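*Asks:* predicted structure and sequence below. I'll ask about it afterward.
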Amino acid sequence: MTKLEALKHVFGHSAFRPGQEQIVDHLLAGGDALCVMPTGAGKSVCYQVPALLMPGVTVVVSPLISLMKDQVGALTQAGVAAAFINSSLTPAQCAKALDGVAAGKYRIVYAAPERLETQSFLDAAVRAGVSMVAVNEAHCVSQWGQDFRPSYLKIRGFIAALPQRPVVAAFTATATREVREDILHSLGLCDPLEITTGFDRPNLWFGVCAPRDKKAELLRRLDGWRGRSGIVYCATRKTVDEVCALLCERGYAAARYHAGLTDEERRRSQDDFLCDRVTVMVATNAFGMGIDKSNVSFVVHYNMPKDVESYYQEAGRAGRDGSPAECLLLYAPQDVHTNRFLIEHGEAPAELDEAQSAALREREYERLRQMTFYATTTECLRVFLLRYFGERAHGACGNCSNCEQGFEERDATREAQMILSCIARMGQRYGAKLVVDVLRGSRAERVTSLGFDRLSTYGLLKDEPEAEVRRVLDALLASGDAKLTDSEYPVLALTPSSGEVLRGERAVTVRVPLAKSRAAKKRGKGSASPADEGLFGALRALRAQCAAAAHVPAYVVFTDAALRDMAAKKPRNEDEFLEVSGVGDAKLRRYGRKFLDCIAQYEREHPES
């Protein structure tokens, strides 16, 4: 079997996506690889196809029980012998799986990094012969990454303990240059192919808004997404509980997920979401890594995350099948304070000394600053994201809230000078809220008790809306003409370049929304063409029946994208059915007749289609 035959007959795809074939060829030739590919770009195919063509077994290291379960289920549906070994198995189930590995029963085995340290797993792997080790979420090996896991540092020791070094491939969705270098060193990659396929996800719409009432805004947005599958991320467990209760009260099929729930409730919530028994998952960032649910059509961040890496990874769980999807951030300045509190009170990994812990915290503060700039920028959001990851964008995207809103530049030098002067006169000892209150002439008790109502800068911007003063202040922070100190209670301070603005040597401009928003282009639901909407619905109903019978999530049977392609092509025989994207030989044998009959019946009942 060739790589293209494996791709078509097993996974049902006629061609590789960008970057996939280059990676597959390199791994098959015996070379290591470091692959940075955004969520939904098809990382799994890059190691699954070579695994089918290599001798022995491929070990896939992942920290995510949900990913292992999903991918093993999908591989089994596609006719591939695969298994997972993690803490969800009983001792008897684990022993049985290890016996299967040792006997060469499986081509692909998923394992948690902690399992690699056990003698029983090493013995089974040695007997089977490991041809490749694929490391998922490889950024977890880096102490400078956003999700460092000390257990990942044991992977290199496992590889060294094997009688013959296998091919090693590392995969991650987000990694800065420093994190990539850490991955190379920590995993001991040998002259690897380093490939970044591009971070852009053209099917995703990105939006940021700062509503006065987040709950009301969320309900308004969800009203337009009724019946669609989505995730609402919240910063704290308390907020998850409150938002989930609100949605259930308003008639939404919603579930919650966070570390404070019992294992049973988390498992039930996840299964209900994966099987479409609930449409909205309200969760902390404890949910989602490795969830291969293809029909998530929106992701809302109810609170701003701590860093751009986490935001992009979480938002990227929408539109995995390539369908149009929406990623919305509901921003409030309080989100910054919440995240600073979490950073300040977070526990550094025990493996780090005091200096390393301090350096790590400083990096966390810097990432939070960049995330705040994203939430307050007026430039194209996609341009901002791509630049953050070191990729150049070719002009504004036209598919984000800032591009749709439209902005115009205005000179804000005078207001900027007033803000900087006020920061200086307040001794560079107070936060943004108090500085803005002083400038706007607030009679709040704290302003008067500290005597700030007697400052020369008091009330200078009393006629300006608070949002406009914050806009200029955000511009100063983004340009480096002012800064927030890194502490539990950050205060505004001047920088070396503040003087240039104060002396009038450099102008400050801000972009303000046009008085009337440009008409936003309609973002479709990514469903089949209108003429085939009925057939798409009939195919989804049949898929749900098949999934229930097989005890797997619906998208493991066929993704929404496959059903849309099916509804558009209307295959009439098995050869035509194989031309549908996502249909391979095993799925043809398992489901072909049922879906062909469904299509034929629909066409008989709806000849006008």
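*Replies:* Right, received. Where do you want to start?

*Asks:* spell out which residues make up each domain of this protein.
*Replies:* Residue ranges for the domains of the chain, per automatic domain parsing: 3-196, 204-405, 407-513, 530-605.

*Asks:* endpoints of the second one, how far apart?
*Replies:* Just to be clear, that refers to domain 204-405. End-to-end distance of domain 204-405: 17 Å, with C-alpha to C-alpha, to the nearest Å as the criterion.

*Asks:* picking that back up, dump the domains of the chain to TSV, plus mean pLDDT and mean neighbour count.
*Replies:* Just so you know, the C-beta spots here come from the backbone N, C-alpha and C atoms, and that holds for glycine as well. As requested, these are exported to TSV (pLDDT from 0 to 100; neighbours: other C-beta atoms under 10 Å):
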stretch	mean pLDDT	mean neighbour count
domain 3-196	91	20
domain 204-405	89	19
domain 407-513	91	17
domain 530-605	89	18
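
*Asks:* which secondary structure elements does the helix or strand containing Trp205 sit against?
*Replies:* Here Trp205, judged by DSSP states H and E, is contained in strand 204-209. Judged by 3 or more C-beta pairs under 8 Å, 6 or more residues apart in numbering; DSSP states H and E, strand 204-209 is in contact with strand 325-330, helix 381-388, helix 401-405.

*Asks:* give the pairing partners of the first one; include direction for each.
*Replies:* When sheet partners are counted by DSSP bridges, strand 325-330 sits next to strand 204-209 (parallel), strand 296-301 (parallel).

*Asks:* contact partners of that strand?
*Replies:* 203-211, 214, 217-218, 221, 225, 296-304, 311, 315-316, 318-319, 374-375, 523, 526 (C-beta atoms under 8 Å, 6 or more residues apart in numbering).

*Asks:* what's near enough to touch Ser401?
*Replies:* Counting by C-beta under 8 Å, 6+ apart, Ser401 makes contact with 205-209, 381.

*Asks:* tell me what angle the next helix or strand after the strand holding Trp205 forms with strand 204-209.
*Replies:* Counting by DSSP H and E, the next helix or strand C-terminal to strand 204-209 is helix 214-223. Going by axes from the mean of the first three to the mean of the last three C-alpha atoms, to 10 degrees, helix 214-223 is angled at 150 degrees with respect to strand 204-209.

*Asks:* each with direction, which strands does the next helix-or-strand element following helix 214-223 pair with?
*Replies:* Next along the chain after helix 214-223, taking DSSP H and E as the criterion, comes strand 229-233. Within its sheet, strand 229-233 is paired with strand 280-283 (parallel), strand 296-301 (parallel), according to DSSP bridges.

*Asks:* mind putting these into TSV with distance to Gln334?
*Replies:* Listed next are the strands paired with strand 229-233 as TSV, based on distance: least, C-beta to C-beta, whole Å:
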stretch	distance to Gln334
strand 280-283	19
strand 296-301	14
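
*Asks:* so which of the ones you listed is nearest Ser323?
*Replies:* Closest of the strands paired with strand 229-233 to Ser323 is strand 296-301, at 6.8 Å (criterion: C-beta to C-beta).

*Asks:* which helices and strands sit right next to the following helix or strand past that closest one?
*Replies:* Of the helices and strands lying after strand 296-301 in sequence (DSSP H and E), the nearest is helix 308-315. The contact analysis (3+ C-beta pairs under 8 Å, 6+ apart) places helix 308-315 against strand 296-301, helix 354-376, helix 381-388.

*Asks:* now Ser456: closest residue in space that isn't a chain neighbour?
*Replies:* Take Ser456 and drop its neighbours on the chain: the residue closest to it by C-beta to C-beta, 6 or more residues apart in numbering is Arg425, 6.9 Å away.

*Asks:* could you check how far the closest residue in space to Gly584 that isn't next to it in sequence is from Lys587?
*Replies:* The shortest distance from Gly584 to any residue other than its chain neighbours is 3.9 Å, reached at Gly12 (C-beta to C-beta, 6+ apart). Per C-beta to C-beta, to the nearest Å, Gly12 is found 6 Å from Lys587.

*Asks:* between the two, which contacts overlap?
*Replies:* In contact with both Gly12 and Lys587: Ala78, using C-beta under 8 Å, 6+ apart.

*Asks:* before we move on, back to that, which of the contacts of Ser401 lies closest to Val510?
*Replies:* Val208 (16.1 Å).

*Asks:* please report how far the closest one lies from Cys400.
*Replies:* Taken as C-beta to C-beta, the span from Val208 to Cys400 is 8 Å.

*Asks:* residues making contact with stretch 116-133?
*Replies:* Everything outside stretch 116-133 that qualifies as a contact, by C-beta under 8 Å, 6+ apart, is 27, 47, 50-51, 54-61, 85, 95, 98-99, 101-104, 106, 111, 115, 151, 154-155, 157-159, 161-164, 166-169.

*Asks:* any idea how far Phe287 is from the residue of the chain most remote from its centre?
*Replies:* Taking C-alpha atoms, centre = their mean, the residue of the chain most remote from its mean C-alpha position is Arg454, at 48.5 Å. Distance of Arg454 to Phe287, computed by C-beta to C-beta: 51 Å.

*Asks:* what sits against the residue farthest from the centre of the chain?
*Replies:* Contact criterion C-beta under 8 Å, 6+ apart gives no residues in contact with Arg454.

*Asks:* phi, psi for it please.
*Replies:* Note on Arg454: backbone dihedrals following degrees, to the nearest 10 are phi -100, psi 0.
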